[in-house]
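[1] structure, please.
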Amino acid sequence: MKHYLEIAENVAREAGKLLRDNFRQHKQINAIAAHDLKLEIDVQTQELITNLLLKEFPGHAIYGEEGIAGDQSTEHQWVLDPLDGTVNYFYGIPHFCVSIALRLRSEIMVGVIYDPIRDEMWAGQKGEVSKLNGCPFHVSDRADLAEAVISIGLAKTGETINANFPLLQAMIHRVRKCRVLGSAALDMAYVACGRMDAYIETGISLWDIAAGWLLVENAGGTVDLRPLEQMKDKYSIVASNGVLDLKL
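    This next block holds a predicted model:
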């Protein structure tokens with residue numbers, strides 16, 4: 001997996017450079033929803049990632065937020081979010097990232113999350129020590145909920161907001177701080193390296209959390225990912241350091 005990981009890191013940096021170079025520029029909106037935006041830069045960044053990955057691995061598949069490409073019958077599938085934190089990006093909030101994972105026969109084998117503003121790269125392969133800018137990391141050891149910092153994602157629709165908001169209301173009285181930061185992939189990365197203790201959301205897509213899933217588990221944490229029966233290709237997720245009692 002080492003070669004796959006190196007390529008994923010290089011591709012994430014190229015995509016991050018494109019996002020960084022365009023961060024302060026005019027942003028073309030492709031679609032508007034009540035709680036979400038789609039930008040042309042999302043599409044451009046996925047096209048860049050797709051072209052770079054398929055040039056290196058022409059027999060592989062791409063499964064991303066902006067569509068699919070390549071041979072969808074292959075066992076090698078790259079799961080990616082070219083810009084996780086689009087609304088932050090549009091409003092000039094410097095908290096967004098590129099997320100790239102390699103799934104082999106439905107198992108995540110490689111994961112990278114790159115924050116181009118802070119130049120932080122979380123990278124790992126299954127069963128190996130993951131690293132942040134070359135330094136190994138681990139989840140936090142905080143077991144007391146009153147000392148924990150937890151991210152609660154509110155997702156993008158009225159249905160998912162209604163599902164997640166009661167959780168936010170309940171947790172905000174039990175933990176040190178709740179955060180709603182607007183990038184699921186960075187939430188996962190922050191849990192993996194111990195900056196936060198848990199991330200919880202209902203209504204998330206695989207491309208948002210695939211790379212972070214591997215990184216959290218590699219770092220000693222746990223990920224409970226469950227498909228939602230009422231929402232196709234959406235999941236509920238609880239990612240944590242594995243020692244917090246998150247039961248309501």
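[2] element containing the most centrally placed residue in the chain, please.
    Using Cα atoms, centre = their mean, the residue of the chain that lies closest to the mean C-alpha position is Ala185, 2.0 Å off. Ala185 is located in helix 184-192, with elements delineated by DSSP states H and E.
[3] and the next helix or strand past that helix?
    Assigned by DSSP H and E, the successor of helix 184-192 is strand 198-204.
[4] right, and the helix or strand after that following strand?
    Following strand 198-204 toward the C-terminus (DSSP H and E): helix 206-218.
[5] would you mark the buried spots in the next helix or strand after that next one?
    Counting by DSSP H and E, the element after helix 206-218 in chain order, helix or strand, is strand 222-227. For strand 222-227, a neighbour-count test (16 or more other Cβ atoms under 10 Å) marks Thr222, Val223 as buried. C-betas here are computed from N, CA, C, even on glycine.
[6] can you list the residues that contact strand 222-227?
    In this structure, residues lying in contact with strand 222-227 by Cβ atoms under 8 Å, 6 or more residues apart in numbering are 209, 213, 216-217, 234-242.
[7] angle of that strand against helix 206-218?
    Using axes from the mean of the first three to the mean of the last three Cα atoms, to 10 degrees, one finds that strand 222-227 and helix 206-218 are set 150 degrees apart in direction.
[8] avg pLDDT for strand 222-227?
    For strand 222-227, mean pLDDT rounds to 95.
[9] check stretch 106-121 too.
    Stretch 106-121 carries an average pLDDT of 97.
[10] now that stretch: buried residues?
    Using 16+ other Cβ under 10 Å as the test for burial, stretch 106-121 gives Ile108, Met109, Val110, Gly111, Val112, Ile113, Tyr114, Asp115, Pro116, Glu120, Met121.
[11] how close does the last one sit to Leu132?
    To tie it back to what came earlier, the one meant is Met121. 7 Å (Cβ to Cβ, to the nearest Å).
[12] Gln77: which of the contacts of strand 222-227 is nearest?
    Using Cβ to Cβ, Trp213 comes nearest to Gln77 of those, at 14.2 Å.
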